[in-house]
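Trainee: turn this into a structure:
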Amino acid sequence: MPKLSFRVEYKYKDEFGILLPVALRCADRETGFFARVDTGASFCIFQRLHAETVGIAVESGAPMRISTVTGGFLAFAHRVALGVLGIEVEATVYFAEDPAMPRDVLGQTGWLDRMRFGLVDHDRDLYLSHYDDPAEEEYYPLDSR
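Mentor: Modelled structure (predicted):
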């Protein structure tokens, strides 16, 4: 049987989802915020404010209509450095056109597809490594903030 190992163990507290700290960097500018893990979301989608904070002109990216169960919205793709719990990847993420869109979501393409991800929701324990991390590494506990 394969053995899983993780770089980070994180105790999350939110009882209405899994909220993780995110560092978003473009060129020499960085911002931090919290985003929800959504294994059903196809993409990482963030508020327009975060793009503007790191100097991204939102509409300069490739547009995409994002569909949701309640409708949809327009978002724009941009390449950024995306850090979660100290694990950074280069990823294409989407920023909402509408400044009133209030959600930040870590989805499959660009984040989850690059991670080794473990979850024990009953105990609110999340385990995370970059997919390419050696399997024999041990994990290091991090408490939620």
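Trainee: how about residue 112, what does it touch?
Mentor: By C-beta atoms under 8 Å, 6 or more residues apart in numbering, the residues touching residue 112 are 37, 39, 106. In short, each C-beta sits where N, CA and C put it, glycine included.
Trainee: can you check residue 41 too?
Mentor: 105, 106, 107, 108.
Trainee: could you redo the last one with a cut-off of 7 Å?
Mentor: Neighbouring residues of residue 41 by C-beta atoms under 7 Å, 6 or more residues apart in numbering: 105, 107, 108.
Trainee: measure it to residue 122 for me?
Mentor: Going from residue 41 to residue 122 by C-beta to C-beta, to the nearest Å gives 23 Å.
Trainee: same question, residue 68
Mentor: From residue 68 to residue 122 the distance is 28 Å (C-beta to C-beta).
Trainee: swap in residue 15?
Mentor: Noted for residue 15: a distance of 12 Å to residue 122, by C-beta to C-beta.
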